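> Fold the following, please.
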Amino acid sequence: MPKSRTNLVAISGLVIAIAVAMAAGGVMAAEPQDKRWQAVAPGRVEPCSGQIKIAIAVTGVVDKVLVKANDKVFAGEPLIHLADSELAARLAAAETLVALRQRARDERSVTGSANARRKARDAAADAELKVYGVRAIVDRVAAEWRASGGPDDSVTTARTALARAQAELTKRQEELRAVEEDSPLPTIPEGQLSIARSEYSVARSALDKMTLRAPIDGTVLQVNVRAGELVSPGSPQPPLQLADLSALCVRAELDERDLGSVKVKQPVSVQASAFPGREFEGNVSSVAPLVERGRLEPSGSRNQTDVDVVAVMVELTGSGELTVGMKADVYFRSVK
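Below is the predicted model of the structure:
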């Protein structure tokens, strides 16, 4: 082989060797130097209690929307009221019938266990009426407080009174059940009064369904109806969404290949693009026992359905300005 060609081969080999070495160095440089993290997963911020999509139980026309997004509400507070004039009239008729039946019953005196049962039934009925009355006061005071934005002392007082009335109703109902076990068959007037009271309760229940109430203390996330709109249980979108924002979590989608490196109570760091350079601390609260297709798109991925993931719930210890629905990346810390 000519000397010049030998030199050319040698030089070519040297160049290739240098290129391989540089490539190897490049690979080494691309490896993460920060060993604090065992895994990284995309996620979304959500209330730890979950979002409550409040549905309406009946079909009706919205009369009043009593709250707006970001309002803090208490359990039992009226949120949306439907037009109820027909049901209110039905309730008034049932109330009149109860009064007539009770007057007819009182014309006949009873003694012994029958008299004890009569008193227990009357006490339970009166306690039930008191609950309805105090609840109406709570609704009125809450509406006035929300309109004025002043101190909520009156709301607290009314809610305390409602709690006492409900406790009294429970007590009277228990007493009635105990008395009825040893009582004789009711007379015809007593039976007619019981039927009238049942019809009143049915009419009251139907009227109560026209008011959508908060099931928990929380914050209104979204209101999807306006006054005058028709709503029904089959509406594709719930009239209102509510959540308890006192505790926020991140639902992360962990690649199944990293499942072995993540444990419950493991510390994590959460970062959101909305707050560059900031970290929010938290801990793993649960790991789902199910592998499924990913729904969130990891950074740099265009086809999230190619990734099988495990849902990991992370409870934040300081959520700061994070907002429900916000995308975030969860960095699982190495545990020694």
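> Which residues are in contact with Asp126?
Asp126 is in contact with Arg172, counting by C-beta atoms under 8 Å, 6 or more residues apart in numbering. C-betas here are computed from N, CA, C, even on glycine.
> again with Ala274
Residues counted as contacts of Ala274 (C-beta under 8 Å, 6+ apart) are Thr323, Met326.
> go again using 10 Å as the cut-off
Contact analysis of Ala274 by C-beta atoms under 10 Å, 6 or more residues apart in numbering lists Glu321, Leu322, Thr323, Met326, Lys327, Ala328.
> Looking at those, which is nearest Gln241?
For the contacts of Ala274, the closest approach to Gln241 (C-beta to C-beta) belongs to Thr323, at 13.8 Å.
> Which helix or strand contains that closest one?
Element membership for Thr323 (DSSP states H and E) is empty, with no helix or strand holding it.
> Same question for Lys119.
In this assignment (DSSP H and E), Lys119 forms part of helix 112-148.
> Mind listing what's buried along the helix or strand following that helix?
For helix 112-148, the following helix or strand on the C-terminal side (DSSP H and E) is helix 153-180. Residues 154-155, 158-159, 161-162, 165-166, 168-169, 172, 175-176, 179 are the ones in helix 153-180 that count as buried (16 or more other C-beta atoms under 10 Å).
> got the angle for the helix holding Lys119 vs helix 153-180?
With axes from the mean of the first three to the mean of the last three C-alpha atoms, to 10 degrees as the basis, helix 112-148 and helix 153-180 are set at 160 degrees to each other.
> What is the neighbour count of Ala123?
Neighbour count for Ala123, taken as other C-beta atoms under 10 Å: 18.
> Make sure it is actually in contact with Leu176.
Yes. Between Ala123 and Leu176 there is a contact under C-beta atoms under 10 Å: 7.5 Å.
> count of neighbours near Lys327?
For Lys327, the neighbour count with other C-beta under 10 Å is 15.
> ok, now Arg117?
When neighbours are counted by other C-beta under 10 Å, Arg117 registers 20.
> what ranges do the strands span in the stretch 201-336 of the chain?
All strands of the stretch 201-336 of the chain, identified by DSSP state E, counting those that start in this stretch, fall at 211-213, 218-223, 230-231, 240-243, 248-255, 267-271, 280-293, 308-316, 327-333.
> any idea how far the residue nearest in space to the middle of the chain is from Thr323?
Centroid check for the chain by C-alpha atoms, centre = their mean gives Ile52 as the closest residue, at 3.2 Å. Shown here: Ile52 relative to Thr323, a distance of 17 Å by C-beta to C-beta, to the nearest Å.
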